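Engineer: Mind folding the following:
(one chain, ligands or ions: 1)
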Amino acid sequence: MLDVQDLQAGYGRSRVLFGISLLVPQRGAVAILGRNGVGKTTLMRAIMGELPAEEGRIFLAGQEMTRARTEQRVKSGIAYVPQEGAVFARMSVRENLMVGAIGARRGGQGGGRAPSLDLAIDAFPKLGQRLAQPAGTLSGGERKMVAIGRALLGEPKLLLLDEPTEGVWVGVIEEIADRLTELATRIGVVIVEQHVDLALRVAGHAVVMDRGRVGFEGPSEAVRDDPRLLRYLAP
Ligand SMILES: Nc1ncnc2c1ncn2[C@@H]1O[C@H](COP(=O)(O)OP(=O)(O)OP(=O)(O)O)[C@@H](O)[C@H]1O
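Structural biologist: Modelled structure (predicted):
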């Protein structure tokens, strides 16, 4: 689904990614691990086209996207839920989800028809009971559900999630993890996570980043048992 080849990117003259290669299948999740500041968010932003690729190439479903604008990447089926998982605090949950619906219609995944909010509510039934509630009054976990649910309205083929469980109460983390595991049976998922155990449980494959490079990677079970994991995650 996604094929990132030797990607280099950064901010102005400061290079952050020094040649990242990453393969994400049509179905299945890949975890991106690594300590703070190694470039995980930068990688997500470069895949989305929010930052230009200085070197390397990005393919989505066989189509080259290296120089494509962000909207074009979204149209091709990528959705991105950034770390902040931003919701519009004064707008209701329904209105927040509708923003995704409008974006999806523009993006064209649904062939011009308005997508149903059910796509979000089926994934997170709790949202169905909160549709009229201002998003600013939701818990951290519910906000993440809104942000992920909104992305699902575009019927993405590939979902990029930056720390989907950050600031989420432990009881809700399991619920989000279960949804992501289920989603990954249908689409490609990239999950940046600080909760290593959870990420390795949701994802079949893991990439451990180290200062803008791939430190090591492999099937999640192998990565979990590899002594290098601790070294690459230690502060
Ligand atoms: N907008 C920006 N302008 C300049 N430098 C930036 C910018 N955003 C991030 N950086 C720098 O790029 C490097 C990688 O940051 P990035 O956020 O990608 O790391 P990360 O692995 O996602 O970290 P975290 O786990 O803390 O979110 C850091 O040194 C950071 O200071």
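Engineer: Find me the pLDDT at Gly62, would you?
Structural biologist: For Gly62, the model assigns a pLDDT of 91.
Engineer: dump the residue contacts of Arg211.
Structural biologist: Phe18, Val38, Gly39 (CB atoms under 8 Å, 6 or more residues apart in numbering). C-beta coordinates here come from the backbone N, C-alpha and C atoms, glycine included.
Engineer: cool, and Gly167?
Structural biologist: Gly140, Lys144.
Engineer: Give me every residue in the protein lying close to the ligand.
Structural biologist: Tyr11, Ser14, Val16, Gly34, Asn36, Gly37, Val38, Gly39, Lys40, Thr41, Thr42 (CB under 6 Å from any ligand atom).
Engineer: hmm, which of those are the buried ones?
Structural biologist: Val16, Gly34, Val38, Gly39, Lys40, Thr41, Thr42 (16 or more other CB atoms under 10 Å).
Engineer: Skipping adjacent residues, who's closest to the third one in space?
Structural biologist: What sits nearest to Val38 in space, not counting adjacent residues and going by CB to CB, 6 or more residues apart in numbering, is Met209, at 4.5 Å.
Engineer: you'd agree the one you found is up against Gly34?
Structural biologist: Yes: with contact defined as CB atoms under 8 Å, Met209 counts as touching Gly34 (3.5 Å).
Engineer: Name all residues that sit in contact with the two at the same time.
Structural biologist: Among the neighbours of Met209, those also in contact with Gly34 (CB under 8 Å, 6+ apart) are Lys40, Gly215, Tyr232.
Engineer: now, which of those sits nearest the ligand?
Structural biologist: Of all these, Lys40 has the smallest distance to the ligand: 3.6 Å, by CB to the nearest ligand atom.
Engineer: can you pull the contacts of the residue nearest to that closest one when sequence neighbours are not counted?
Structural biologist: With CB to CB, 6+ apart as the criterion, Lys40 has its nearest non-adjacent residue at 4.6 Å, and that residue is Val192. Applying CB under 8 Å, 6+ apart to Val192 gives the contacts Ala31, Ile32, Leu33, Lys40, Thr41, Met44, Gln83, Leu161, Asp162, Glu163.
Engineer: any chance of those in CSV, with distance to Glu221 and pLDDT too?
Structural biologist: Formatted as CSV, these follow (distance: CB to CB, whole Å; pLDDT from 0 to 100):
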residue, distance to Glu221, pLDDT
Ala31, 12, 98
Ile32, 17, 98
Leu33, 14, 97
Lys40, 21, 97
Thr41, 26, 96
Met44, 25, 97
Gln83, 27, 87
Leu161, 21, 96
Asp162, 24, 95
Glu163, 23, 93
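Engineer: Among the residues you listed, which are located in strands?
Structural biologist: Ala31, Ile32, Leu33, Leu161, Asp162 (DSSP state E).
Engineer: and of these, the nearest to Ala199?
Structural biologist: Nearest to Ala199, judged by CB to CB, of the ones in strands among the contacts of Val192 is Ala31 at 3.8 Å.
Engineer: list the contacts for the closest one?
Structural biologist: Ile191, Val192, Glu193, Ala199, Leu200, Val202, Ala203, His205, Ala206, Val207, Ser220.
Engineer: Return the distance of stretch 81-97 from the chain's centre.
Structural biologist: From the chain centre to the centre of stretch 81-97 is a distance of 16 Å (CA atoms, centre = their mean, to the nearest Å).
Engineer: The host helix or strand of Arg231: which residues count as buried?
Structural biologist: In this assignment (DSSP states H and E), Arg231 forms part of helix 228-233. Neighbour-count burial for helix 228-233 flags Leu229, Tyr232, Leu233 (criterion: 16+ other CB under 10 Å).
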